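Participant: using only what follows, build the 3D model:
(chains A and B)
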Amino acid sequence: MFAFALPMASEEGGFVPPSVSDTHLPDIFPWMAEYGTGFGKQMLMIVLSIVLITWFFTAAIKNPKLVPGKMQYIAETGYAFVRNGIGRDIIGEKNFRPWIPLLFATFFFVLLNNLFGAIPFLQLPSFSHAGSAYAMAIIIYGTWIAVGLKNHGIRYFKLAVVPSGVPGWIMPLMVPLEIISNFIVRPLTHSLRLMATMLAGHMIVMLAASGARHLIVVQDSLAMNGLGVLVIIGSVAMYFLELLIMCLQAFVFALLTAIYLQGAIEADAH
Amino acid sequence: MNSTDFILAASESVNPLLPNPWEILVTGVGFAVLLFIVIKVIAPKFEQSYEDRVTAIEGGLEKAEAAQKEAEETLALYKAQLLEARTEANRIREEARSEGAQILADLKTKATDEAARITEQSHRQIEAERVSALASLRTDVGALATELASKVVDEALQDDARAQRVVDKFLTDLEAQQNAGASN
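Facilitator: Sure, this is the predicted structure:
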């Protein structure tokens, strides 16, 4: 199954580990772009995730029952997790309602695209490609800045970068730091955290798969073949660790979204 | 594997931090579409379902509470009615008892009166009968005595008026004799 997504490593000579290029599969519509930059599998998966999320949640709530069926129960639990666990707990009882859809869409969009990395044949977490992570981070970045401006006007920038209760002489130090941390580093960490964990997880899977293949197929020594089997066993453990990280990163991404929104809504509260 | 190979391979490859513009476009537009669907369809339906459930549960609780209250009220009413009925029954029993006693007393009085009346009547009747018996006896005894006397004295005492007188005198004497005997 792993071999499906694998590049043909050179069979002769030494082992060539997979590289980042290998996460870019051949383009489906390679116009206007060089190799790895056209419309490819990763983008199809983005579209697939949107179709799947829409299908699942509309089908689950089509005929809502007071006593939910299995599908409705799962969907409602997922919805309630984002609504109450992320939205209400972070943004607060008063303001969280308008932000439920954004948080819901963000969490399940990221979650499903991450989980694609654990599904055979798809086997690629969409957010291991920086473009997608940047796109999400930009959307969230734009949203919370807009929210801050809408709630506090242009004064929002002052509220966001000038911490209250700090002695005046330290301000020349604090304000640039706040500007860098809030408006420059924040969207980068938001996107790169997701992208890097997904890419790393994907690389580990690829490395384990191609390494095992090399050890079993190319190497002649029985010891090496046995080692290859061990690598496969080890990769199963890595698979479950990845599964955990995929869910965790989706949660962290949505949680940070809520935290940024809360900060923008209540910029004058701290 | 050796590390130089890996570094070599990595350096050859695309910088993973450089985005593919297509990916940004597809992700951005895709997320916008998803967000639109969530805002328009999914979130309202889930919120509605949640609201419905809250309403149903709260409504059920309210209904149960109302039923409980009603049951309690009915129970109190029944208890009051039962108490009233018991008091009423007691009152009626008491009344009946006193009434019974009254009736009994009345009946006793009536019976006593009746008995007295009957006794008196009997006395009176007996007296009348005695008087009439006495009268008839007097006549019969007179006749018998006259007959006897006429037989003894033969024709001498044929005259009725005289005979009557003799008889009356005899009886009066007899009575006087009796009375004297009784007083002795």
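
Participant: and the residue of the stretch 1-150 of chain A found nearest chain B, how far from residue B:33?
Facilitator: Of all residues in the stretch 1-150 of chain A, the one sitting closest to chain B is residue A:131 (2.8 Å; C-beta to the nearest C-beta). Any C-beta I mention is one placed from the backbone N, CA and C, and that applies to glycine too. Distance, residue A:131 to residue B:33, using C-beta to C-beta, to the nearest Å: 17 Å.

Participant: could you do residue B:170 as well?
Facilitator: For residue B:170, the distance to residue B:33 - C-beta to C-beta - is 160 Å.

Participant: how about residue A:183?
Facilitator: 28 Å.

Participant: and the pLDDT at the nearest residue to residue A:250 once chain neighbours are set aside?
Facilitator: The shortest distance from residue A:250 to any non-neighbouring residue, by C-beta to C-beta, 6 or more residues apart in numbering or on different chains, is to residue A:111 (3.7 Å). Here the pLDDT value assigned to residue A:111 is 94.

Participant: would you pull up the residue in chain B closest to chain A?
Facilitator: residue B:23 (2.8 Å).

Participant: contacts only, for that residue.
Facilitator: A:42, A:43, A:46, A:129, A:130, A:131, A:132, A:135 (C-beta atoms under 8 Å, 6 or more residues apart in numbering or on different chains).

Participant: pick the one among the residues you listed closest to residue A:150.
Facilitator: When those are ranked by distance to residue A:150 (C-beta to C-beta), residue A:135 comes first, at 22.4 Å.

Participant: check which helix or strand the closest residue in space to residue A:83 that isn't next to it in sequence maps to.
Facilitator: Among residues not flanking residue A:83 along the chain, residue A:100 sits closest, at 5.2 Å (C-beta to C-beta, 6+ apart). Of the helices and strands defined by DSSP states H and E, residue A:100 is found in helix A:100-115.

Participant: what about residue 102, how many residues nearby?
Facilitator: Went with chain A since none was named. Applying other C-beta atoms under 10 Å in any protein chain shown, we find 23 residues neighbouring residue A:102.

Participant: other chain: chain B
Facilitator: Residue B:102: 10 neighbours (other C-beta under 10 Å).

Participant: give me the phi and psi for it.
Facilitator: Residue B:102 has phi and psi values of phi -60, psi -50 when expressed as degrees, to the nearest 10.

Participant: wait, what's in contact with it?
Facilitator: Residue B:102 touches nothing, counting by C-beta under 8 Å, 6+ apart.

Participant: in the chain, which spans are helices?
Facilitator: In the absence of a named chain, chain A is used. With DSSP state H as the criterion, chain A has helices at A:41-60, A:70-80, A:100-115, A:130-152, A:155-161, A:171-179, A:186-213, A:222-265.

Participant: my bad, the chain I had in mind was chain B
Facilitator: With DSSP H, the ranges of helices along chain B come out as B:3-12, B:21-37, B:43-153, B:160-183.

Participant: may I see the buried residues of stretch A:82-102?
Facilitator: Residues of stretch A:82-102 classed as buried by neighbour count (16 or more other C-beta atoms under 10 Å in any protein chain shown): A:82-83, A:85-88, A:90-91, A:95-96, A:99-102.
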